[in-house]
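1. need the 3D shape of this:
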Amino acid sequence: VQLQASGGGLVQAGGSLRLSCVASGRTFSQYAMAWFRQAPGKEREFVATITRGGGNTNYADSVKGRFTISRDGAKKTVYLQMSGLKPEDTAAYYCTTGPVVTTTPELYEAWGQGTLVTVSS
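-> Numbering: from 1, shown residues only. Next comes the predicted model:
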């Protein structure tokens with residue numbers, strides 16, 4: 001499977017961005033999807049997950065109420081709508097896929113290349 005993430009950029013605090021991640025190479029609907037992020041000098045951290053059918057989502061406490069994960073089976077795409085962005089949200093954002101939803105990055109099977117989000121104060 002291959003994942004291609006896009007949508008990052010520079011935004012002012014309080015602004016919004018929508019990240020996209022297009023999957024190819026296997027049946028999109030059979031796998032869970034997730035977003036993680038990694039800030040400079042920090043470990044990769046869980047942001048959000050979504051189940052195969054899209055019926056259940058889970059968020060890190062730090063983004064709950066501000067970020068929304070969704071997926072479009074026809075487009076084989078997972079999205080991360082981010083609003084109320086804060087400087088501490090600055091990081092490279094990675095999409096990933098695997099057989100089950102989990103907050104443990106090592107349990108996912110494939111990763112996108114990352115898209116950089118920079119939030120200025």
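
2. show the pLDDT at the residue positioned nearest the centre of the chain.
-> Closest to where the C-alpha atoms of the chain average out (CA atoms, centre = their mean) is Trp35, at 2.5 Å. Trp35 carries a pLDDT score of 98 in this model.

3. tell me where this structure has strands.
-> All strands of the chain, identified by DSSP state E, fall at 2-6, 9-12, 17-24, 32-38, 45-50, 57-59, 67-72, 77-82, 91-98, 110-111, 115-120.

4. and Thr104, which of the ones you listed is closest to it?
-> Closest to Thr104 of these, according to CB to CB: strand 45-50, at 8.0 Å. Heads up, the C-betas are built off the backbone N, CA and C, glycines and all.

5. tabulate the strands of the chain (TSV), appending distance to Thr104.
-> Shown next, in TSV, are those (distance: least, CB to CB, whole Å):
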stretch	distance to Thr104
strand 2-6	18
strand 9-12	29
strand 17-24	19
strand 32-38	10
strand 45-50	8
strand 57-59	12
strand 67-72	17
strand 77-82	18
strand 91-98	10
strand 110-111	13
strand 115-120	22
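
6. circling back: once you drop chain neighbours, what's closest to the residue nearest to the centre of the chain?
-> Val47 (4.3 Å; CB to CB, 6 or more residues apart in numbering).

7. surely the residue nearest to the centre of the chain and Arg44 touch.
-> No: under the criterion of CB atoms under 8 Å, Trp35 makes no contact with Arg44, lying 10.7 Å away.

8. so what sits against both of those two?
-> Listed as contacting both Trp35 and Arg44 by CB atoms under 8 Å, 6 or more residues apart in numbering are Tyr94.

9. got the contact list for the residue of the chain positioned farthest from its centre?
-> Distance from the C-alpha centroid of the chain peaks at Ser121, with 22.3 Å (CA atoms, centre = their mean). Counting by CB under 8 Å, 6+ apart, Ser121 touches Ala13, Pro87.

10. go on, Thr103?
-> Contact partners of Thr103, counting by CB under 8 Å, 6+ apart, are Phe46, Thr49, Asn58, Ala60.

11. now for those: which two are most distant?
-> Thr49 and Ala60 (9.7 Å).
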